[in-house]
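Q: generate a structure from the sequence data that follows.
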Amino acid sequence: MERPWEQVHGSGTLDDLLEDAREAGYEISRRTIHDWISRGLLDNPQRRGAGRGSRPGLHSANQRKLFLLLLSKRVEMPKIPSLALVPFGIWLWWGEEWVPTRQALKAFRTWFGDGLRRKQVCLEAARATLEQIDHPAATDTARNRFVRLFADVSYQGGTTPELRNELEDAARAVFEPPSVFATSGLARAVGPASMPWTLEMLLYRIDSITTAMQAVRDNKVGEELLVRSRALYLQTKHEYEDLRPGLAAQAVGPFVGLYRQQNLDDHFNNIGSEMLGAIAMLLVSPIAQAQFPPSGWGASGHGRMPASDCPPSAGSRLSYRSQATQTR
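A: Purely as a prediction, here's the structure:
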């Protein structure tokens, strides 16, 4: 049995979209469709003619299919920021033929949101980072302090030297709790021996993520940077999948589940935060900037950045975590 979007074979007007929805058993208003367009869930229709009396604009066949897909997904995730990941994910994986970059950028900004939504994104980033750095001996007080400071700094999009020092102290208390490391003379490194993740790398990640969040918040992420970030994301994602089985074989204890094979829902749910990580790398990493420069990379459509050179969390599970090691 064909799904509703599989029955679409041509472009159509706004009235055609409303008829598509009705035939598929969904109710939606013109006002909601216009709102979806303004937020990047749908692209603007292509105008036909100019001036008064011009014919209604046309939505491409792919946009009509996307519209019906959004209607079906709205049942599962009615909130607009989550729904915005649908067109963004299609652009990320299938390209401009389905969703133009201008629309993807609007959808990404909608996912990131403003006000309370942006605070939630920052809090999710803080909790995800805590998951990556947590030490069993860390106290709940230290963990809560780290999450609070990370989220606050990310939301503000900047920091003072005093707040930066306070965040570093909070990160150290979680990554290298004083009850274990204060008198031992040891430093903690997490991950394979060839690319261990240290406290310095953690602080670098925090700085880069807060820089990216500030850039998105201030509308300084344009189409070109988004396209370069997609290229970086796709490359590191592919390289990680090649590395994942070996990393999973090395993992022990609490790290065993970190390298499990992800299903489609996992990939979809992580694309916003993972693309934020890719944007962060292109904003602060000289290696990433050299491999995916603002111009010159687009002719071939690809840059080249070895996964081993990527800071942690560049893509799905690209923090390359395995077992915790302690070295002098």
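Q: now do the strands in the stretch 51-200 of the chain.
A: Secondary structure of the stretch 51-200 of the chain, counting by DSSP state E, counting those that start in this stretch: strands at 55-58, 187-190.
Q: tell me which of those sits most buried.
A: strand 187-190 (a mean of 20; mean count of other Cβ atoms under 10 Å). Every residue, glycine included, has its C-beta placed from N, CA and C.
Q: quick one: the helices in the stretch 51-200 of the chain, in order.
A: All helices of the stretch 51-200 of the chain, identified by DSSP state H, counting those that start in this stretch, fall at 61-74, 80-83, 85-94, 101-112, 116-133, 140-156, 161-175, 178-181, 199-217.
Q: figure out which of those helices is closest to Leu225.
A: Closest approach to Leu225 among the helices of the stretch 51-200 of the chain (Cβ to Cβ): helix 199-217, 8.2 Å.
Q: what's in contact with stretch 92-104?
A: Contact partners of stretch 92-104, identified using Cβ atoms under 8 Å, 6 or more residues apart in numbering, comprise 40, 42-43, 62, 66, 87-88, 90-91, 107, 223, 226-227, 230, 233-234, 271, 275.
Q: go again using 10 Å as the cut-off
A: 37, 39-44, 60, 62-63, 65-66, 84-91, 106-108, 222-224, 226-227, 229-230, 233-234, 237, 267-268, 271-272, 274-275, 301 (Cβ atoms under 10 Å, 6 or more residues apart in numbering).
Q: pLDDT score for the spatially closest residue to Arg55 that is not a sequence neighbour?
A: Among residues not flanking Arg55 along the chain, Arg48 sits closest, at 4.5 Å (Cβ to Cβ, 6 or more residues apart in numbering). With respect to pLDDT, Arg48 has a value of 74.
Q: hmm, Arg48 is touching His59, no?
A: No: counting by Cβ atoms under 10 Å, Arg48 sits too far from His59 to count as a contact (11.7 Å).
Q: any residues in contact with both of the two?
A: Looking at what touches both Arg48 and His59 (by Cβ under 10 Å, 6+ apart), the common residues are Thr13.
Q: quick one, the helix ranked longest in the chain and helix 85-94 angle?
A: In the chain, with assignment by DSSP state H, the single longest helix is helix 223-250. Orientation of helix 223-250 against helix 85-94 (axes from the mean of the first three to the mean of the last three Cα atoms, to 10 degrees) gives an angle of 80 degrees.
Q: what's the angle between helix 223-250 and helix 101-112?
A: Computed with the same axes, to 10 degrees, the direction of helix 223-250 lies at 60 degrees from that of helix 101-112.
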